[in-house]
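Undergrad: A predicted structure for the sequence below; I have some questions about it.
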Protein chains: 2
Amino acid sequence: MAAKFELIKKYILEKIESGEWQENAPVPSENKLAEEFSVSRMTARRALEELSQKDILVRTKGSGTYVASLKSQGSMFEIRDIADEIKERGHEYSATVIELGEIDAIAATAIALDVKIGAQVHHSVIVHNENGKPVQVEERFVNPEMAPDYLGQDYTEISPHEYLSQVAPLTEARHTIEAISSTQQVCDWLKLVKEEPCLQLIRRTSSKQGVVCFARIIYPGSSYRLSGQLTFPDN
Amino acid sequence: MAAKFELIKKYILEKIESGEWQENAPVPSENKLAEEFSVSRMTARRALEELSQKDILVRTKGSGTYVASLKSQGSMFEIRDIADEIKERGHEYSATVIELGEIDAIAATAIALDVKIGAQVHHSVIVHNENGKPVQVEERFVNPEMAPDYLGQDYTEISPHEYLSQVAPLTEARHTIEAISSTQQVCDWLKLVKEEPCLQLIRRTSSKQGVVCFARIIYPGSSYRLSGQLTFPDN
DNA sequence: ATTTAAAAGTTGTATATACATCTTTATTGT
DNA sequence: ACAATAAAGATGTATATACAACTTTTAAAT
């Protein structure tokens, strides 16, 4: 039989995963959880404390416990939102939607998304511009079952990453990074006059319900960098 | 005044950082710590438990608490040890030491290592081979104060990473990845016949005592990949 | 010597309690 | 209406206790 505090953790995680408790939503207090689950306060506390140490919850003395900002989750090795980064630099950000529609999944896509070959999947190609100049291209294949409204969004306003985070919070992502030479297609998208080494980041995102998204993000290697941080105990 | 359990955590971390307690070393039991620090068992337990959740300690019911394998630390976004990876594939691994000595720190190196410009720092260039073919070059600048014996190691036997992990465990690393075109020097080292897009990973490693190492690791982008994983709560 | 059984040691879970510290809300006085 | 104060509510730290479950060591029996 599972431990009591694990059941409470599970309960909270489910609320967050389902989207019922969004970012910054208040979580029941130690005493409330203790009463609802018929456990002592210390047991309820343990559940909250452990989730807080995993940065899923944020606790404030005197105030309460809240769902953490999900962006802080992935930040260990998340590409900082390109829009934020550009704006922070004081430059103008814009996005160009090159493609947004459905396509048949070829074998590689089907495997990555865990759907049948030939199945219709959502597909988008978006170019991010800094001061009007393209600096990053982002191609995504999205499992329609996980995000049925994917095609209905305005991606000049909200980034796909942002939207998908709302639809499927608490996801796990696997990344692969490689250096490639820009293909003709990439040269077109990024308006490169010649071939250039590029960073290609492939990201496969899944939640407990299944694979959400398969993304290919390409930077011209010379102009942009991807930074990751391996943190370690503060003390 | 700091909380009692924080003092115990600090005590344990210092033992590990100093190297006094190595990998898999036994850590005093809850009861022993409770007695030594004159606290209740629950307080000592809290210190051990929190360090265990950060993967610094490993606890086994009935047996005891031990210092975790440090390699599991960085594994979230550590480049898997190239030697291991090659051996796992059933291929032959070898390393070629191209350079091993001292050099004057130029400005960029000095800043990265937090030493004075012109100071002598340890320097190594090592090429890793798979079945005799070079697949990765690794250039390192090492702060001599942190690892005085760096030059005395046999890097065909032990990897610099492995050695440095012993000298300075519990480090924090910052990574930057970019795509570059191979320079002539890199072409020489990797025996590339023509320019090729490469992944360049720059890693700056520091412990609490200071900056340990500044490393530049270059892969031919087409043949090798760097994989990272963003994990998320198991439940 | 080998096996078996008991004991001791260690971590895991759970509870009840006490008090500290901070925040938010409600009350009261002007 | 405003400000000051009090009360209530929340998290933070610490302790003492009890028992469960597992491992290692010790002791005993064969």
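TA: Looks like it arrived, so ask away. These figures come from a predicted structure and were not determined experimentally.
Undergrad: residue contacts, residue A:124?
TA: A:97, A:99-100, A:138-140, A:142, A:150-151, A:155, A:160 (Cβ atoms under 8 Å, 6 or more residues apart in numbering or on different chains). C-betas here are computed from N, CA, C, even on glycine.
Undergrad: now with 7 Å?
TA: By Cβ atoms under 7 Å, 6 or more residues apart in numbering or on different chains, residue A:124 lies in contact with A:99-100, A:140, A:155, A:160.
Undergrad: between those, which has the most around it?
TA: residue A:140 (25 neighbours; other Cβ atoms under 10 Å in any protein chain shown).
Undergrad: would that residue count as being in a strand?
TA: Yes: using DSSP: H, G, I helix; E, B strand; the rest coil, the assignment for residue A:140 is a strand.
Undergrad: of the contacts of residue A:124, which belong to strands?
TA: In strands, judged by DSSP state E, the following of those are found: A:99-100, A:140.
Undergrad: contacts with DNA strand C among the residues you listed, please.
TA: With Cβ under 7 Å from any atom of the strand as the criterion, the ones in strands among the contacts of residue A:124 include none near DNA strand C.
Undergrad: output those residues as a markdown table; include the columns pLDDT and distance to residue A:60.
TA: Listed next are the ones in strands among the contacts of residue A:124 as a markdown table, based on pLDDT from 0 to 100; distance: Cβ to Cβ, whole Å:
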| residue | pLDDT | distance to residue A:60 |
| --- | --- | --- |
| A:99 | 94 | 44 |
| A:100 | 96 | 41 |
| A:140 | 95 | 36 |
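Undergrad: from these, pick the one nearest DNA strand D.
TA: The closest of the ones in strands among the contacts of residue A:124 to DNA strand D turns out to be residue A:140 (Cβ to the nearest atom of the strand; 37.4 Å).
Undergrad: how near is the residue in chain A positioned nearest to DNA strand C to residue A:35?
TA: At 2.3 Å from DNA strand C, residue A:62 is the closest residue in chain A, using Cβ to the nearest atom of the strand. As for residue A:62, its distance to residue A:35 is 20 Å (criterion: Cβ to Cβ, to the nearest Å).
Undergrad: so between those two, which is more surrounded?
TA: Using other Cβ under 10 Å as the criterion, residue A:62 and residue A:35 rank with residue A:35 on top: 13 against 4.
Undergrad: am I right that that one sits in a helix?
TA: Yes: looking at residue A:35 with three-state DSSP, it is inside a helix.
Undergrad: any idea how far it lies from residue A:92?
TA: Residue A:35 is 53 Å from residue A:92, where distance means Cβ to Cβ.
Undergrad: what about residue A:192, neighbour count?
TA: Other residues within reach of residue A:192, judged by other Cβ under 10 Å, total 15.
Undergrad: for it, list the residues it contacts.
TA: Shown in contact with residue A:192 (Cβ under 7 Å, 6+ apart): A:182, A:220.
Undergrad: take the strand or helix carrying residue A:166, keep the C-alpha atoms, and write them as PDB.
TA: Residue A:166 is part of helix A:160-167 when elements are defined by DSSP states H and E. Written as PDB, here are the backbone C-alpha positions of helix A:160-167 (Å, rounded to 0.1, in the frame of the first residue of the first chain):
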ATOM      1  CA  PRO A 160       3.600  27.400 -29.500                       C
ATOM      2  CA  HIS A 161       5.700  26.500 -26.500                       C
ATOM      3  CA  GLU A 162       3.600  28.800 -24.300                       C
ATOM      4  CA  TYR A 163       0.300  27.300 -25.600                       C
ATOM      5  CA  LEU A 164       1.400  23.700 -25.300                       C
ATOM      6  CA  SER A 165       2.600  24.400 -21.700                       C
ATOM      7  CA  GLN A 166      -1.000  25.400 -20.900                       C
ATOM      8  CA  VAL A 167      -2.500  22.400 -22.600                       C
END
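Undergrad: avg pLDDT for it?
TA: Mean pLDDT, computed over helix A:160-167, is 85.
Undergrad: and the contacts of it?
TA: Under the contact criterion Cβ under 7 Å, 6+ apart, helix A:160-167 has outside partners A:70, A:81, A:124, A:126, A:140, A:146-147, A:153, A:212-213.
Undergrad: list the buried ones in that helix?
TA: A:160-161, A:163-165, A:167 (16 or more other Cβ atoms under 10 Å in any protein chain shown).
Undergrad: can you check stretch A:3-13 too?
TA: A:4-5, A:8-9, A:12-13.
Undergrad: what's the closest of those to chain B?
TA: Closest approach between the buried residues of stretch A:3-13 and chain B, by Cβ to the nearest Cβ: residue A:13, at 5.8 Å.
Undergrad: against residue A:51, how distant is the closest one?
TA: Taken as Cβ to Cβ, the span from residue A:13 to residue A:51 is 8 Å.
Undergrad: domain-wise, how is chain A divided?
TA: A:4-69, A:76-220 (automatic domain parsing).
Undergrad: what is the burial count for residue A:179?
TA: Residues near residue A:179, counting by other Cβ under 10 Å: 28.
Undergrad: just the one 3 residues further on next, same as before
TA: Using other Cβ under 10 Å, the number of residues around residue A:182 comes to 23.
Undergrad: so residue A:150 touches residue A:140, yeah?
TA: No: the criterion here is Cβ atoms under 7 Å, and residue A:150 misses it with residue A:140 at 8.5 Å.
Undergrad: and chain A, which of its residues are near DNA strand C?
TA: A:3-6, A:38-43, A:60-63.
Undergrad: in helices only, show me those.
TA: A:4-6, A:41-43 (DSSP state H).
Undergrad: coming back round to it: format the domains of chain A as JSON lines; extra columns: distance to residue B:86.
TA: Putting the domains of chain A into JSON lines (distance: least, Cβ to Cβ, whole Å) gives the following:
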{"stretch": "domain A:4-69", "distance to residue B:86": "34"}
{"stretch": "domain A:76-220", "distance to residue B:86": "18"}
